[in-house]
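Asker: sequence unknown, structure follows:
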């Protein structure tokens, strides 16, 4: 292994010398940047071949102890050059990925914690540089032009041509637009790094809270800050980023609900509105991930209300519920309650809908009764009786708990409800 990796070590040594010399002409040269791209692409290939835990540990010991600080310095240096920094982020996302449980450190090893701390440093450095050096303003300018062009594209062809001409004349340059779109790929890689770290099951994240280490909180805050800097309407135009965002939200809500609820009212409102939008998506994966995230959030709310313990968490949750969630949660419940009337229910995975739907009914039973009545009243007269009957049977033998047996009963009732709706 050492003999095979010697050439990579020599490449890192020459890169470290160039960074130490800080010669701008060398660091900005196409040859040097191409060498960086090739190095990290090759390392990703080597890492992909490390499919067993002993192979991964050998590679981790080599890369972490000798070269992790250098990679961090390179990310800070080339944050605004996606063609260089993105291969680094691809490599690191693969490093924290745990397919086939290849990341398996000994019980007494701190390597899982060290790996996440290094991941947090890279993500925070990348996000801080972007957010402090004009990324939000550039995205806002780009969004105005891109969204206007997308809107005009739905009109007559003559209008589209005029809109394209106006965008090219007044908007950001083509080069800037291409760079921003490549930066969106870098942000998606950052979300993937965190998502894979959270679901990898090799790091005890409670350590960070226990010892007041901000690595976890900072990583989550920076990841969400990057996403919030992109207008949601613009994010929807980029399928890879959009898919990565919803996948990240689902894992974040499952594994670190408390950290998610500690976000600002503006950030939480944006997240909840995006989850509501995800429920109205025609993409099955985004729909399922939105259901999952909402299930974990509302299950946490139910457990905190039922337990009557942890006053600090209860206070944080109440603050969350007093914010924009107070208005958005009933809207989400209305979407869940009416979705089978608006979309062919064969396209919707009932197992994904059942859990958040029951959670919202249990938590907001009065709102559900009002929403039910409104939905039935909006139906044509000849359908109202059958629709009302379907909603009444939805909660037969279903109580106000979230235990497994009650969830199973509700799942069966939901399946019967769907059949009744389909026959109306």
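Answerer: In hand now; what should we look at? Since we're looking at a predicted model, the values are computed, not measured.

Asker: Please tell me I have it right and residue 32 contacts residue 26.
Answerer: Yes - counting by Cβ atoms under 8 Å, residue 32 touches residue 26, with 5.7 Å between them. Placement of C-beta: from N, CA and C, glycine included.

Asker: all helices for the stretch 1-150 of the chain, in order.
Answerer: 2-21, 24-27, 30-48, 53-77, 82-95, 111-132, 135-152 (DSSP state H, counting those that start in this stretch).

Asker: Could you do the stretch 201-350 of the chain as well?
Answerer: Ranges of helices in the stretch 201-350 of the chain, per DSSP H, counting those that start in this stretch, are 206-210, 215-228, 232-235, 239-255, 257-261, 265-279, 284-307, 311-322, 325-342, 350-363.

Asker: and residue 263, how many neighbours does it have?
Answerer: 18 (other Cβ atoms under 10 Å).

Asker: Which residues are in contact with it?
Answerer: Going by Cβ atoms under 8 Å, 6 or more residues apart in numbering, residue 263 touches 221, 224, 271.

Asker: so what's the residue nearest to residue 281 when sequence neighbours are not counted up against?
Answerer: Nearest residue to residue 281, sequence neighbours excluded (Cβ to Cβ, 6 or more residues apart in numbering): residue 287, at 5.2 Å. Each residue near residue 287 by Cβ under 8 Å, 6+ apart is listed here: 278-279, 281, 348-349, 352.

Asker: and the residue of the chain most remote from its centre, what helix or strand is that in?
Answerer: Residue farthest from the centre of the chain, counting by Cα atoms, centre = their mean, is residue 382 at 43.4 Å. Per DSSP states H and E: residue 382 is located in helix 381-394.

Asker: Which positions within that helix qualify as buried?
Answerer: Buried residues in helix 381-394, counted by 16 or more other Cβ atoms under 10 Å: 387, 390-391, 394.

Asker: burial count for residue 300?
Answerer: 20.

Asker: contacting residues for it?
Answerer: Going by Cβ under 8 Å, 6+ apart, residue 300 touches 257-258, 261, 317.

Asker: Kindly report the same for residue 219.
Answerer: When contacts are counted by Cβ under 8 Å, 6+ apart, residue 219 is found next to 116, 119-120, 123-124, 194.

Asker: In PyMOL, how would I select just the buried ones from these?
Answerer: In PyMOL, this line selects whichever of these come out buried by 16+ other Cβ under 10 Å:
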select buried, resi 116+119+120+123+124+194
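
Asker: Adding pLDDT and distance to residue 4, write the contacts of residue 219 out as CSV.
Answerer: Formatted as CSV, those follow (pLDDT from 0 to 100; distance: Cβ to Cβ, whole Å):
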residue, pLDDT, distance to residue 4
116, 97, 27
119, 98, 25
120, 98, 30
123, 98, 29
124, 97, 32
194, 97, 31
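
Asker: so which pair among the contacts of residue 219 is furthest apart in space?
Answerer: Based on Cβ to Cβ, the longest span within those runs between 116 and 124 and measures 12.0 Å.

Asker: mind putting the helices of the stretch 201-350 of the chain in TSV, mean pLDDT included?
Answerer: Shown next, in TSV, are those (pLDDT from 0 to 100):
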stretch	mean pLDDT
helix 206-210	94
helix 215-228	96
helix 232-235	93
helix 239-255	96
helix 257-261	90
helix 265-279	92
helix 284-307	90
helix 311-322	69
helix 325-342	86
helix 350-363	92
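
Asker: what number of residues lie near residue 2?
Answerer: Residues lying near residue 2 (other Cβ under 10 Å) number 8.

Asker: Could you do the one 3 residues further on as well?
Answerer: Look at residue 5: counted by other Cβ under 10 Å, it has 16 neighbours.

Asker: separation between the closest residue to it other than its chain neighbours and residue 229?
Answerer: Spatial nearest neighbour of residue 5, excluding adjacent residues (Cβ to Cβ, 6+ apart): residue 62 at 6.0 Å. Counting by Cβ to Cβ, to the nearest Å, the gap from residue 62 to residue 229 is 35 Å.
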